[in-house]
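Chemist: Can you look at this prediction? I've put the sequence above it.
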Amino acid sequence: MELTTLLFKTIFLFIILLVTLVVAMYSTYAERKVAAFMQDRNGPNRAGPFGLLQPLADGLKMFMKEEIIPLTANKYLFILGPSIAMTTALLTGVVIPWGDTLTIGDHVYSLQMADLNIGILYVFAMVSIGVYGIMIGGWASNNKYALLGAIRAASQMISYELAMGMSIIALVLTTGSLSLHDIVAQQHGMHWNIFYQPLGFFIFLTCAFAETNRAPFDLPECETELIGGYHTEYSSMKLGFYLFAEYVNMFISSAVIATLYFGGYNMPFIDQLGLSSNAVTFIGMGFFFIKIFAFIFLFMWIRWTLPRFRYDQLMNMGWKGLIPLAIFNILATGAYYFFTSLK
Amino acid sequence: MPQDYIPVLIQILIALGFVVTTMLATHFLGPKRFSRAKLENFECGIEGMGNARSPFSVKYFLIAILFVLFDVEVIFMYPWAVNFKELGKAGFLDMFLFMILVLAGFIYIILKGAFKWDRR
């Protein structure tokens, strides 16, 4: 790889990291504002105009709090848990195509930092490692509530990962590639995968909710029975990492959903406008972020609308509902190509 | 190609740097006033009873084993899905047979009651 390309990628990685953190920070603000709007309240409105400085105040508070490690806890694993959760949450963004190509001088740079030919599998790998963060943290606390939360989280996430993987297989049948770059490029204009894989999209969306531990699937931390779930014993920035990782995961999941099913940075009628390639890239990037924010809003909307599942209902839905549905989706997609275009 | 993974390595370094710096910063910034009662495990405000390192329901273990079994089968489907159009009709029929077998195993574990959570 050339030196200039490497330099550009490193700078872009830092920018994306910053954007991820800022979006995650303001998601906490948006979450509280959305909740307030739905419950006819004001929400945060004291720190700064419209309470806009609230996330900064929260972050600063997390920094300045005393960190408590219980006497009976396993000290190193107790610190390792939230660190894994946060690190893996930040790693997924590297394969997402944030935009098309940018031309500076006579160089053409891709706005996807790593175009891995196994992009989707990389995302899955990172999501799977994220389970370890919760599992290790919950076990190391040596607290019964934390242990229950961690076990629930682990078995919920692995159950829904199966259905998620199967819904992706049906998508790969239509795209023929695991590279996120190819998948986005194929959806140019209005050929979004949602029109070809509507059932797969709904399975994937449901599983994304379960993987990010968001309501109605927030059983690992369900505060009415488990106090705080796996992070009951955590305080200071270690607690902050767990909460923050959830919002980062929500942002990344929204980006993955938008990339796989809603055309990523593609927008309709962009070719007809006759703009320069750089302008098209920037407009596409803006449109991509609008899609991401729409999905983040959907995450919040559902959280404040639906009640939580009971544990056996959750497991029944995952194993007896979504997995057979996903297998049916693969067979139906395969059968469609079998009778139309397959040789 | 191996050089595709260079940005991933850089990102791992950046993420680790961020996490380690933040952890160290909070360690030095926060106050440290420990007391015996504060460092106890939280148990609804009463004194802790026993240890959390105790056996729990075997159902969770069963779920983990079933996950490993089925995840391996899902992994088999990925290479087929990528080469779906080249493998053609014969490939689809082979995979159809494979999925019927997977489904048979799946129905077997459901009939055996692997997901009956309220059975004593």
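Modeler: Here it is on my side, so go on. Residues are numbered from 1 along each chain as shown, chains lettered A, B, ... in the order given.

Chemist: and the end-to-end length of stretch A:257-269?
Modeler: End-to-end distance for stretch A:257-269, by CA to CA, to the nearest Å: 22 Å.

Chemist: So what touches stretch A:321-341?
Modeler: A:160, A:162-163, A:166-167, A:169-170, A:173-174, A:197, A:199-200, A:203, A:206-207, B:70, B:77, B:84-85, B:89, B:92, B:95-96, B:99, B:102-103, B:106 (CB atoms under 8 Å, 6 or more residues apart in numbering or on different chains). The way it works is simple: take the backbone N, C-alpha and C, and place the C-beta from them, glycine included.

Chemist: May I see the ChimeraX selection of the buried members of those residues?
Modeler: Of the contacts of stretch A:321-341, the buried ones go into a single ChimeraX selection, burial set by 16 or more other CB atoms under 10 Å in any protein chain shown:
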select /A:160,162,163,166,167,169,170,173,174,197,200,203,206,207 /B:70,77,84,92,95,99,102,106
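
Chemist: So which of the contacts of stretch A:321-341 belong to helices?
Modeler: A:160, A:162-163, A:166-167, A:169-170, A:173-174, A:199-200, A:203, A:206-207, B:70, B:77, B:84-85, B:89, B:92, B:95-96, B:99, B:102-103, B:106 (DSSP state H).

Chemist: where does B:Arg119 land on pLDDT?
Modeler: B:Arg119 carries a pLDDT value of 65.

Chemist: How about A:Gly274?
Modeler: Looking at A:Gly274, the pLDDT reads 71.

Chemist: how many other residues sit next to it?
Modeler: By the measure other CB atoms under 10 Å in any protein chain shown, the count of residues near A:Gly274 is 8.

Chemist: same deal with A:Gln272?
Modeler: Counted with other CB under 10 Å, residues neighbouring A:Gln272 total 8.

Chemist: From chain B, how far off is it?
Modeler: A:Gln272 is 31 Å from chain B, where distance means CB to the nearest CB, to the nearest Å.

Chemist: Could you do A:Ser277 as well?
Modeler: 22 Å.

Chemist: what do you get for A:Gly130?
Modeler: In terms of CB to the nearest CB, A:Gly130 sits 13 Å off from chain B.

Chemist: what residues are up against that residue?
Modeler: Counting by CB under 8 Å, 6+ apart, A:Gly130 has contacts A:84-85, A:88-89, A:157, A:245, A:249.

Chemist: tell me the centre residue of chain A?
Modeler: Central residue of chain A (CA atoms, centre = their mean): A:Ser253, 2.2 Å from the mean position.

Chemist: and that one, what pLDDT?
Modeler: Looking at A:Ser253, its pLDDT reads 89.

Chemist: before we move on, what about the one 3 residues further on?
Modeler: As predicted, A:Val256 sits at a pLDDT of 90.

Chemist: Where does the residue nearest to the centre of chain A sit: helix, strand or coil?
Modeler: helix (DSSP: H, G, I helix; E, B strand; the rest coil).

Chemist: With neighbour count and distance to B:His27 added, can I get the contacts of A:Gly130 in a markdown table?
Modeler: Listed next are the contacts of A:Gly130 as a markdown table, based on neighbours: other CB atoms under 10 Å in any protein chain shown; distance: CB to CB, whole Å:
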| residue | neighbour count | distance to B:His27 |
| --- | --- | --- |
| A:Ile84 | 22 | 18 |
| A:Ala85 | 29 | 18 |
| A:Thr88 | 22 | 22 |
| A:Ala89 | 28 | 21 |
| A:Met157 | 24 | 29 |
| A:Ala245 | 25 | 19 |
| A:Asn249 | 24 | 25 |
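
Chemist: Nearest to B:Lys38 among those?
Modeler: B:Lys38 has its nearest neighbour among the contacts of A:Gly130 in A:Ala85, at 24.4 Å by CB to CB.

Chemist: which residues touch the helix or strand containing the closest one?
Modeler: Assigned by DSSP states H and E, A:Ala85 belongs to helix A:75-91. For helix A:75-91, the surrounding residues in contact (CB under 8 Å, 6+ apart) are A:17, A:20, A:69-70, A:126-127, A:129-130, A:132-134, A:136-141, A:233-234, A:238-239, A:241-242, A:244-245, A:248-249, A:252, B:8, B:11-12, B:14-16, B:18-20, B:23.

Chemist: among these, which ones are buried?
Modeler: By 16+ other CB under 10 Å, the contacts of helix A:75-91 give A:17, A:20, A:69-70, A:126-127, A:130, A:133-134, A:136-141, A:233-234, A:238-239, A:241-242, A:244-245, A:248-249, A:252, B:8, B:11, B:14-15, B:19, B:23 as buried.

Chemist: In helices, which of those residues appear?
Modeler: Using DSSP H, these in helices are A:17, A:20, A:126-127, A:130, A:133-134, A:136-140, A:238-239, A:241-242, A:244-245, A:248-249, A:252, B:8, B:11, B:14-15, B:19, B:23.

Chemist: check contacts around A:Ile136.
Modeler: Taking CB under 8 Å, 6+ apart, we find A:Ile136 in contact with A:77, A:80-81, A:84.

Chemist: Nearest spatial neighbour of it, chain-adjacent residues omitted?
Modeler: Once flanking residues are discounted, A:Ile136 sits nearest to A:Gly81: 4.3 Å by CB to CB, 6 or more residues apart in numbering or on different chains.
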